[in-house]
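Asker: Quick one, fold the following:
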Amino acid sequence: QVHLVESGGGLVQAGGSLRLSCVASGSISSINVMGWYRQAPGKQRDMVALITKGGTANYADSVKGRFTISRDNAKNTVYLQMNSLKPEDTAVYYCNAQRQTILTRQDYWGQGTQVTVSS
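Answerer: Predicted coordinates:
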């Protein structure tokens, strides 16, 4: 089992910045990918940014150039630096960890942290 704990959400004005953190614990040695998804009210949960253990990052088009994902493997922590925030970034942000094999993928989720951007 993998346990994920997020922190860093909050209320910020448009144009501001926030940094989210997610600490992983448990059976994490086989976790390949970590990252962030978000879900706004009435909408599906969408990928925001993912990063492999080797450091390769992938971003949603809507956050490219504004958000940066990073990972500290020694601390089992993934970060999401969010700059130039917009009201449409308002959502619950979920930390995600993936255990992938050639045939399977298993996802683990944090409890979520609210990010609210006021206009």
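
Asker: so what's the spatially most central residue of the chain up against?
Answerer: Geometric centre of the chain, nearest residue: residue 36, 1.9 Å, by C-alpha atoms, centre = their mean. Counting by C-beta atoms under 8 Å, 6 or more residues apart in numbering, residue 36 touches 20, 22, 47-50, 69, 78, 80, 93-96. (Each C-beta comes from the backbone N, C-alpha and C, glycine too.)

Asker: in the sheet, who's paired with it?
Answerer: Beta bridges link residue 36 to residue 49, residue 95, judged by DSSP bridges.

Asker: what's the following helix or strand after the strand or helix carrying residue 11?
Answerer: Following DSSP states H and E, one finds residue 11 within strand 10-13. Going down the chain from strand 10-13, the next helix or strand is strand 18-26, by DSSP H and E.

Asker: Buried residues, that following strand. List them.
Answerer: For strand 18-26, burial by neighbour count (16 or more other C-beta atoms under 10 Å) applies to 18, 20-24.

Asker: Checking residue 31 next. Helix, strand or coil?
Answerer: Secondary structure, DSSP: H, G, I helix; E, B strand; the rest coil: residue 31 is coil.

Asker: State the pLDDT value of the closest residue to residue 22 other than its chain neighbours.
Answerer: Counting by C-beta to C-beta, 6 or more residues apart in numbering, residue 95 is the residue found nearest to residue 22 once chain neighbours are left out, at 3.5 Å. Residue 95 carries a pLDDT value of 98.

Asker: which residues sit in contact with residue 95?
Answerer: 4-6, 20, 22, 24, 34-36, 78, 109-110.

Asker: which two from these end up farthest apart in space?
Answerer: Using C-beta to C-beta, those span at most 15.1 Å, a distance reached by 5 and 35.

Asker: higher neighbour count, those two?
Answerer: Between residue 5 and residue 35, counted using other C-beta atoms under 10 Å, residue 35 has the larger neighbour count: 23 against 14.

Asker: burial count for the nearest residue to that one once chain neighbours are set aside?
Answerer: Among residues not flanking residue 35 along the chain, residue 50 sits closest, at 3.4 Å (C-beta to C-beta, 6+ apart). Residues near residue 50, counting by other C-beta under 10 Å, number 19.
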